[in-house]
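1. the sequence and its predicted three-dimensional model are supplied below.
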Amino acid sequence: MNESERVMAARRSGMVRDLRHKGIIDERVLEAIGSVERHRFVDEESRDYAYEDAAWPIGYGQTISQPYTVAYMTSLLLERCAPPAKVLEIGTGSGYQAAVLDAIGYRVYSVERIPELYERAVKLFRALDILVMCRLGDGSLGWEEEAPFEGIMVTAAAPDCPQHLLGQLSPNGCLVIPVGRQDMQQMTVYRRSGDRFEKEMFHHFAFVPLIGREGWN
Ligand code: SAM
C-alpha cells in the first residue's frame, strides 16, 4: 500500500466509525462500506472529500449517493433479502451503491439511463474487477429479460412505485425505493407475498428524480 492508499484507507475507517455513530448497526453493511474504495467513484475534484458523509456531483446533473443513504438502503435490503440473492439496482450513477451490493455478496444487475454515466461505470467496474451486469435504458421499467429479482433497489426518487418493478419481484422479493415529491421522499419497502404486497415506510430523504415512463417526465 502506498502513502496515498494509506491515507484513503484511514479516511474510509473514519467514515465507517461515523456511520456507526449515526445508527448503522449491521456489521455486514459496515464491513462492505469499509471495503469499497469510494474515492474511485467520485470525480477528481471531489477525491479529497470522498470519505465525508456527503453526496457529490458526478456530472450530467447527477450525484453519488451519500454514504449514510447507501448504508441505510443496504441495511433495509439485507434485513429482508440474504446474499447471494439476485438484486436489481435502478440508477447506476457512479457505480458506488452497486459496488457495495457486490461487496455484500449479492449478484448485482444495474440500469442507468444516461449513456455517459453508464459507460463510465462499466469501465470502472472492469478496472476494479467488480462483477455488475449493466444495462443502458429506462430502469423505471426494470429489466424484464433478467427478472425475477429477489431484491430491487431504486436510487432515484419516484412519484409512485413503478408497477413494472413490483411485477419483476420474485414471490418473496423485496423492493426498496424512495417515493414522494421531487424535493422530498419517504424510503419505502414493498415485500411481495404471492400476489400481495406489504408496504413499510421509513425515514425521509432527498434524491434526484427517477426519469422515465414510470417515473417523472
Ligand atoms: N446509485 C448511484 C450511485 O451510487 O452513485 C446513485 C446515483 S444518482 C442519486 C441516481 C441515478 O439514477 C442517476 O445516475 C440517474 O441518471 C439515474 N436515473 C434516473 N432515472 C433513471 C431511470 N429511469 N433509469 C435508470 N437510471 C435512472
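-> Sure, I can see it.
2. for the particular helix or strand that has L117 in it, packing partners?
-> Take DSSP states H and E as the rule and L117 turns out to sit in helix 115-128. When contacts are defined as 3 or more CB pairs under 8 Å, 6 or more residues apart in numbering; DSSP states H and E, helix 115-128 packs onto strand 56-59, helix 96-104, strand 107-112, strand 132-136. Bear in mind the C-beta positions are built from the backbone N, C-alpha and C, glycine included.
3. out of the ones you listed, which gets nearest to R196?
-> Closest to R196 of the helices and strands packed on helix 115-128, according to CB to CB: strand 107-112, at 24.8 Å.
4. between that closest one and strand 132-136, how big is the angle?
-> Between strand 107-112 and strand 132-136, the angle formed by their directions is 20 degrees, by axes from the mean of the first three to the mean of the last three CA atoms, to 10 degrees.
5. strand 107-112 to helix 96-104, inter-axis angle?
-> Using the same axes, to 10 degrees: strand 107-112 against helix 96-104 is 170 degrees.
6. just how off-centre is strand 107-112 within its chain?
-> 9 Å (CA atoms, centre = their mean, to the nearest Å).
7. ok, now stretch 189-206?
-> The answer for stretch 189-206 is 17 Å, by CA atoms, centre = their mean.
8. returning to that earlier point: TSV for the helices and strands packed on helix 115-128, including mean pLDDT?
-> Formatted as TSV, the helices and strands packed on helix 115-128 follow (pLDDT from 0 to 100):
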stretch	mean pLDDT
strand 56-59	96
helix 96-104	98
strand 107-112	98
strand 132-136	98
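9. and the ones you listed: which comes nearest the ligand?
-> helix 96-104 (3.5 Å; CB to the nearest ligand atom).
10. now what about the closest one, what contacts it?
-> 28-29, 31-33, 35-36, 38, 41, 64-65, 70, 73-74, 77-78, 83, 87, 89, 91-92, 108, 110, 121, 125, 128, 130-132, 153, 155 (CB atoms under 8 Å, 6 or more residues apart in numbering).
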